Each structure stands twice: as C-alpha cells, then as structure tokens.
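below is the sequence, then the predicted model.
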Amino acid sequence: MRALNWLWRGLLFFILFAFALNNQHLVELKWFLGYSWQAPMVFVVLGVFALGCVTGVLAMLPSWWRHRRDARNRQLLLPEPVSSDKPSPVTPFDNGPATRSGPTTLPAELPFPPDMPAPRKPAK
C-alpha cells in the first residue's frame with residue numbers, strides 16, 4: 001500500500017511537471033485603469049491556487065475558533081477529578097505510589113447531551 005501511495009504521488013508530480021512545461025508562454029493580466037502584468041502561465045496558476053488556499057483558511061478560521069471555544073467550555077463543565085485519601089498499591093514496576101485518580105463522572109445535568117454538538121448560542 002505504501003508503494004502504491006508513492007507511485008500515485010510520483011504520477012501526480014510528473015503530470016503537474018508536464019503541465020508546467022507545456023504552459024511556459026507569457027500571459028497578460030489586465031487590471032483596472034489600464035494596468036497590465038505579464039508573467040508565465042505557471043506562475044499565474046500557482047498564484048491563483050495559493051490565493052484560493054489562503055481564502056479557504058481565512059474563511060475557516062471563525063468556525064475553528066468557535067469550535068475551540070465550545071470545546072474549552074465543555075472541558076470546564078467536567079468536574080474536577082476526585083482523589084482518594086488512601087494511597088494506591090505499589091506494584092513492582094512503579095517508581096513510587098501511583099497518582100491515578102478515580103474515574104471521572106459527568107455532572108448530574110448538562111445543558112446539552114455530551115454526544116450532541118453544543119448549540120451555537122447558549123439558551124438564556
């Protein structure tokens with residue numbers, strides 16, 4: 001499977017390389033107010049691709065920030081881990097007493113189910 005993946009990557013590289021070699025002629029981009037710019041077609045295509053990638057990432061940022069904020073708020077809803085008063089038994093492979101805490105439990109009532117996405121705006 002790994003060899004097939006590398007074969008696919010190599011094929012894609014050579015196709016794009018052949019595209020670049022076949023499109024070396026100059027193109028003229030005409031801007032407003034009579035401005036124009038000449039560049040090889042490959043650079044124009046590469047520039048438009050990079051501009052599309054940047055636009056996609058910038059369009060994704062607000063949603064990404066909202067999901068991070070929702071995840072942080074969900075983490076704050078979880079209770080603090082309860083530590084037991086008696087020390088855990090020491091096994092021969094431990095370097096000292098274990099510091100594991102008991103299983104974490106969810107609060108009795110959450111504003112939304114844990115397996116459902118959080119609402120975008122909290123209910124008042």
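Sure thing, it's come through. Numbers count the residues shown, from 1 in each chain.

tell me the buried residues in the helix or strand that contains G47?
Assigned by DSSP states H and E, G47 belongs to helix 41-77. Of all the residues in helix 41-77, those buried under the rule 16 or more other C-beta atoms under 10 Å are V42, V44. All C-beta spots, glycine's among them, are computed from the backbone N, C-alpha and C.

quick one: average pLDDT of it?
Average pLDDT, helix 41-77: 90.

next one: stretch 8-18
Computed over stretch 8-18, the average pLDDT equals 91.

put the alpha carbons of it into CSV.
Taking C-alpha atoms only, stretch 8-18 is exported to CSV below (Å, rounded to 0.1, in the frame of the first residue of the first chain):
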residue,chain,number,x,y,z
TRP,A,8,0.4,7.9,-7.1
ARG,A,9,2.5,10.8,-5.7
GLY,A,10,5.1,10.4,-8.4
LEU,A,11,2.5,10.2,-11.2
LEU,A,12,0.8,13.3,-9.9
PHE,A,13,4.2,15.1,-9.7
PHE,A,14,5.0,14.2,-13.3
ILE,A,15,1.6,15.2,-14.6
LEU,A,16,1.9,18.6,-12.9
PHE,A,17,5.5,19.0,-14.1
ALA,A,18,4.4,18.3,-17.7
